[in-house]
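In: Next input, structure requested:
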Amino acid sequence: MAATTRPSARRIAIIALVVVASVLVALTAVRLIVDAARGPAAARIAPGAVATAGGAGATLRPVDGGPDYYDRFSPSPPTGPEFFPIAVWLESVTDPADTAKDREIGLNTYLEMTGTTNLDLVRAAGMRTITSPIGEHGDETVGWLISDEADMWAGPGDDPWTGNFPGQGDICQPADGRCGYRVQQGVLGRLPADDRLRMANYGKGVAFWQSDAEAARFVNEFADVVSVDTYWFTDGGICGHSEGGRFFDPDQLVTVDGAERLPAELCRQAANYGRTVDRVRSLVSPPGSKPVWSFVEVGRPFTEEHYPTIKPEEVVAAVWSSLIHGARGIVYFNHSFSGPCQSQHALREQCYAPVRAAVADLNERITRLAPVLNAPYADGVTTVSAGVDVATKWHDGHFYLIAGSGGGSVAEATFSLPCVGDARITVLDEDRTLLVEDGRFTDSFIDGNAVHVYRVDGGSSCGAY
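Out: Prediction:
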């Protein structure tokens, strides 16, 4: 009988190692195949997933004035996070149909009202107003308007005020003096002694013509809420070097008919409405201590027939630019003084139906996103390549990015969120998603009016909680 040969222990061990290694290689291959089939890590994040607590990088900053700013006034605008002020300038309400038309497109506030207005109708409709003292005011009146554009018609100064307004004679003493600060003080002294907020609207003086110190007095000394109206899409003079040109480097100006001005591609930009908001917010002291609202025109607010009329998509983009740059309220300038459809009520007119429809859709979206707009900013989370403006918000376990074109088209903008890591992007109201891989994603902005609102699903909270 032949002898039986047994394998040595060493050989058995080697065979066992080979088998184990083969199994591990097979398992690794299977995992790679499965992972490849499933796609990148970001793709496996469920839509709507909240961020995972942890990480670092986010610094939360409250909205200007803080989320409870209006609680100090009585009666006050609604103070919950679901309310965002959407106003119209100098309207009249004389019939229930007026408020019905305005509510239908999402307006909730009247800034200044005509003397013919029936405030009972405003109150019955659940609308609010910030206005000059007219009639018998009730809870519908949540603030008093001090003045409109006193920085322009009275100037920055402490000369005596005659008590006159434009069209009534000399404003200041001497006639060529500057008495805007006295105007503001004088009007404040005439307002009812109550706890309603005070608001002032300014114009090109604060925006362009005055020094920082002069403009800052208008912004800080008189009102609880301030706004500035600059109509970049329709004003024929705003492109001049002494107006809108001040927001740009001198080498970006061109000479036309012997005068320096911005070229149209730099001047007629939605992004400039955000630049105006930045200008006013930069004057507020302490920084961020009071809300700044933004004006946007909806028709042709000048008498010159050769001035342009704003387009619906321009209205929408101008509003979003204002919001990206920190506006806490929107005011539509509702008057058209030239063109084929002159009106004091453009948003109620059939001839402005396309603008009315665009504003209705926009206001619905703003109202729906009000909790996000009223939420804190998440500074330090997002950077974006040139040509796009972005604001990052933190709300209910998600980062939200509100991004708009900074000028022209951008074929591919790159967003960097390094502390977020892998995540899914839901592009709100566009029925599409994107992936954040290693803290980066890309998207396009087809023209100067392009806007996208992104919700970041999953990823890290970057220390936001």
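In: any idea how far residue 279 is from the residue nearest to the spatial centre of the chain?
Out: The residue lying closest to the centre of the chain (C-alpha atoms, centre = their mean) is residue 323, at 0.2 Å. In this view, residue 323 and residue 279 are 16 Å apart by C-beta to C-beta, to the nearest Å. (C-beta placed from N, C-alpha, C; glycine too.)
In: Name the helix or strand for the residue nearest to the centre of the chain, please.
Out: Assigned by DSSP states H and E, residue 323 belongs to helix 312-324.
In: average pLDDT across that helix?
Out: Here helix 312-324 scores 98 as its mean pLDDT.
In: after that helix comes which helix or strand?
Out: Next helix or strand after helix 312-324 toward the C-terminus (DSSP H and E): strand 330-333.
In: Within its sheet, name the partner strands of that following strand and how each one runs.
Out: Sheet pairing of strand 330-333 (DSSP bridges) gives strand 86-91 (parallel), strand 292-297 (parallel).
In: Pick the most deeply packed of these.
Out: With neighbours defined as mean count of other C-beta atoms under 10 Å, the strands paired with strand 330-333 peak in mean count at strand 292-297, which reaches a mean of 26.
In: now that strand against helix 312-324, angle please.
Out: Between strand 292-297 and helix 312-324, the angle comes out at 170 degrees (axes from the mean of the first three to the mean of the last three C-alpha atoms, to 10 degrees).
In: change the start of the numbering to 881 and stick with it
Out: Sure, I'll start counting at 881 from here, so that last one is strand 1172-1177.
In: just how off-centre is strand 1172-1177 within its chain?
Out: Relative to its parent chain, strand 1172-1177 has a centroid offset of 9 Å by C-alpha atoms, centre = their mean, to the nearest Å.
In: again with stretch 1265-1280
Out: Distance, centroid of stretch 1265-1280 to centroid of chain: 12 Å (C-alpha atoms, centre = their mean).
In: before we move on, the earlier item: tell me which other helices or strands the helix holding residue 1203 touches.
Out: Contact here means 3 or more C-beta pairs under 8 Å, 6 or more residues apart in numbering; DSSP states H and E; on that basis helix 1192-1204 packs against helix 1151-1163, strand 1172-1177, strand 1210-1213, helix 1233-1248, strand 1268-1275, strand 1278-1285, strand 1331-1337.
In: any low-confidence regions in the stretch 1131-1280 of the chain?
Out: Counting by pLDDT under 70, the stretch 1131-1280 of the chain contains no low-confidence residues.
In: So which residues of the stretch 931-1080 of the chain form helices?
Out: 976-984, 999-1004, 1030-1033, 1060-1070 (DSSP state H, counting those that start in this stretch).
In: by contact count, what packs against the shortest one?
Out: Meaning helix 1030-1033. Against helix 1030-1033 (3+ C-beta pairs under 8 Å, 6+ apart) you get helix 1060-1070, strand 1077-1082, helix 1092-1101.
In: tell me the most buried of the ones you listed?
Out: strand 1077-1082 (a mean of 24).
In: Give me the mean pLDDT for that strand.
Out: So the average pLDDT for strand 1077-1082 ends up being 98.
In: Work out the gap between whichever helix or strand comes after that strand and the centre of the chain.
Out: Sequence-wise, the next helix or strand downstream of strand 1077-1082 (DSSP H and E) is helix 1084. Centroid separation between helix 1084 and its chain, computed with C-alpha atoms, centre = their mean, is 20 Å.
In: Also stretch 1010-1018?
Out: Worked out by C-alpha atoms, centre = their mean, stretch 1010-1018 lies 28 Å from the chain centre.
In: Now that stretch - C-alpha only, PDB.
Out: Coordinates of each C-alpha in stretch 1010-1018 appear next as PDB, following Å, rounded to 0.1, in the frame of the first residue of the first chain:
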ATOM      1  CA  ILE A1010     -47.500 102.600   5.900                       C
ATOM      2  CA  THR A1011     -48.700 106.100   4.900                       C
ATOM      3  CA  SER A1012     -49.000 109.800   5.700                       C
ATOM      4  CA  PRO A1013     -51.700 110.600   8.200                       C
ATOM      5  CA  ILE A1014     -55.000 110.500   6.300                       C
ATOM      6  CA  GLY A1015     -58.500 109.900   7.600                       C
ATOM      7  CA  GLU A1016     -59.200 107.700  10.600                       C
ATOM      8  CA  HIS A1017     -56.400 105.200  11.000                       C
ATOM      9  CA  GLY A1018     -56.800 101.800  12.700                       C
END
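In: what does it contact?
Out: Here stretch 1010-1018 makes contact (C-beta atoms under 8 Å, 6 or more residues apart in numbering) with 967, 989-993, 995, 997-999, 1003, 1021-1025, 1071-1072, 1077, 1079, 1105.
In: Buried deepest among the helices and strands packed on helix 1192-1204, which one?
Out: Buried most deeply of the helices and strands packed on helix 1192-1204, by mean count of other C-beta under 10 Å, is strand 1172-1177, with a mean of 26.
In: hmm, who's touching that one?
Out: By C-beta under 8 Å, 6+ apart, the list of residues contacting strand 1172-1177 reads 944, 965, 967, 969, 1079, 1081, 1105-1111, 1113-1114, 1153, 1156-1157, 1160-1161, 1164, 1190, 1195, 1198-1199, 1202-1203, 1206-1213.
In: before we move on, what about stretch 972-981?
Out: Taking C-beta under 8 Å, 6+ apart as the rule, stretch 972-981 contacts 971, 990, 993-994, 996-999, 1001-1002, 1004-1005, 1007, 1224-1225, 1227-1228.
In: what about that stretch, how long is it end to end?
Out: End-to-end distance of stretch 972-981: 12 Å, with C-alpha to C-alpha, to the nearest Å as the criterion.
In: Buried residues, that stretch. List them.
Out: Buried positions in stretch 972-981, judged by neighbour count with 16 or more other C-beta atoms under 10 Å: 973, 978-979, 981.
In: Now pLDDT and distance to residue 1173 too, for those, in TSV please.
Out: As requested, the buried residues of stretch 972-981 are exported to TSV (pLDDT from 0 to 100; distance: C-beta to C-beta, whole Å):
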residue	pLDDT	distance to residue 1173
973	97	21
978	98	22
979	98	21
981	98	22
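In: separation between the closest residue to residue 1028 other than its chain neighbours and residue 969?
Out: Using C-beta to C-beta, 6 or more residues apart in numbering and skipping residues adjacent in sequence, the residue nearest residue 1028 is residue 1081, 4.9 Å away. Taking C-beta to C-beta as the measure, residue 1081 falls 8 Å from residue 969.
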